[in-house]
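Visitor: Sequence isn't available, so here's the structure alone:
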Ligand SMILES: Cc1cc2nc3c(=O)[nH]c(=O)nc-3n(C[C@H](O)[C@H](O)[C@H](O)COP(=O)(O)O)c2cc1C
């Protein structure tokens, strides 16, 4: 049904317009009490077996919405209503910014992929913090806040920009993510180098602890799939050294070669980060490498190319405690999250593992044993 609608309506529209239209419907539905209760009952069923604990937070299930979809924290209840068990808002930057000129989002339908060069279009940390402070949640959910650098802030002042966002947003975040991996802010990804990442993560940790004193806000870093293997190991070691709570793997890729892309070459050549199905193999590989390095010492979040329950299950077996998705939601529609949770519950039931936590990393442990 959604696929027919997608073909007839959304596919003919500019992707960013389609996004905002769908977004508006979701927000509207979430404002109507009878409708949202009905939709949530249908799409966000709770499976007892899928209850998950990650960095000290209890969640209904492992599958959540990746950053970038709800950049300004306007649709947390709407996306929870659709069955995402945690919502990562952002990326939010210190200052508001418009992002890159349009057109900046492209659909590679034949590849079940997207290319985006949005460039962190968002209302900025002060506005998003005010919205979160005023929020009266309808559904209980976990809200992650993903922060990044304001484009006009020079790289030499990047730490100050992240600290500003942290001071404003940490108090509203169930967990905080330092995003150093989007390809659309010049110089951002160089912050992944350990000598730059160490002072950045240390400063954000200190700012979070200074701002929020009654609890410890979990701190995660989100990395790119384009890092060389040695750099992945270096980030993993740094995360352990600094006592980070988690690593999110991965953001979008700047790679195009070797991904078997079949869409129009002009589309494939668009500048930006590629997400969706072609990213699947590399994201899984990065996750496996991380788990082999850090084991259970750090919580891993798997994202990139997850299309169905089997993909999500493979990430859990590879070492992910939480899994996230974005691109496939565009192609699969509102029943997507429900299908993933249902499929995960079915897989767990016939697996040798009594709990989801037992399944985490089971495949990677077998290979490295
Ligand atoms: C249009 C678009 C915008 C995105 N914006 C952000 C962002 O602001 N911050 C971020 O950390 N990741 C962002 N991402 C990356 C996603 O969170 C995710 O890591 C990536 O798309 C891989 O997952 P997927 O294959 O399920 O889409 C964005 C992705 C897309 C498609």
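Guide: Looks like it arrived, so ask away. Bear in mind the structure is a predicted one, so any value in this text is a computation, not a measurement.

Visitor: helices or strands next to the helix or strand hosting residue 168 in the packing?
Guide: Residue 168 is part of helix 158-169 when elements are defined by DSSP states H and E. On a contact count with 3 or more CB pairs under 8 Å, 6 or more residues apart in numbering; DSSP states H and E, helix 158-169 meets strand 86-93, helix 125-134, strand 142-148, strand 175-179, helix 194-211. C-beta here means a position set from N, CA and C on the backbone, and glycine is covered the same way.

Visitor: Report the mean confidence score over the first one.
Guide: Which is strand 86-93. Mean pLDDT, computed over strand 86-93, is 98.

Visitor: what's the angle between it and strand 142-148?
Guide: Orientation check (axes from the mean of the first three to the mean of the last three CA atoms, to 10 degrees): strand 86-93 against strand 142-148 gives 20 degrees.

Visitor: Can whichever helix or strand comes after strand 86-93 be said to contact the ligand?
Guide: Using DSSP H and E, the helix or strand that follows strand 86-93 in sequence is strand 105-108. Yes: under the criterion of CB under 6 Å from any ligand atom, the ligand is reached by strand 105-108 at residue 105.

Visitor: so for strand 105-108, what's the average pLDDT?
Guide: Rounded mean pLDDT across strand 105-108 is 96.

Visitor: Paired strands for that strand, with orientation please.
Guide: strand 113-116 (antiparallel) (DSSP bridges).

Visitor: which other residues reach the strand it pairs with?
Guide: Strand 113-116 is touched from outside by 15, 68, 104-108, 184, 252, 261, 263, 267-268, 270, 272-279, 327, 330, with contacts defined as CB atoms under 8 Å, 6 or more residues apart in numbering.

Visitor: Let's see which of those end up in helices.
Guide: Counting by DSSP state H, those place 15, 267-268, 327, 330 in helices.

Visitor: and those residues, which two are the farthest apart?
Guide: 268 and 330 (17.4 Å; CB to CB).

Visitor: out of the two, which sits in the busier spot?
Guide: In terms of neighbours (other CB atoms under 10 Å), residue 330 is the more surrounded of residue 268 and residue 330; the figures are 23 against 18.

Visitor: close enough to count as contact, residue 15 and residue 104?
Guide: No: look at residue 15 against residue 104 with CB atoms under 8 Å: they stay out of range, at 9.2 Å.

Visitor: Mind listing the residues bridging to the closest residue to the ligand within the stretch 101-250 of the chain?
Guide: The stretch 101-250 of the chain approaches the ligand most closely through residue 116 (3.6 Å), counting by CB to the nearest ligand atom. Counting by DSSP bridges, residue 116 forms beta bridges with residue 105, residue 273.

Visitor: what does the helix holding residue 168 contact?
Guide: Taking CB under 8 Å, 6+ apart as the rule, helix 158-169 contacts 92-95, 125-126, 128-129, 132, 145, 147-150, 153, 176, 178, 191, 199-200, 203-204, 207-208, 210-211.

Visitor: That helix and the ligand in contact?
Guide: No: for a cut-off given as CB under 6 Å from any ligand atom, helix 158-169 has no contacts with the ligand; the smallest distance is 12.8 Å.

Visitor: Give the burial count for the closest residue to the ligand within the stretch 51-200 of the chain, as a bare number.
Guide: The minimum distance from the stretch 51-200 of the chain to the ligand, using CB to the nearest ligand atom, falls at residue 68 (2.1 Å). A count of neighbours around residue 68, defined by other CB under 10 Å, yields 24.

Visitor: Settle this for me: it is touching residue 89, isn't it.
Guide: No: with contacts defined as CB under 8 Å, residue 68 does not count as touching residue 89, sitting 9.4 Å away.
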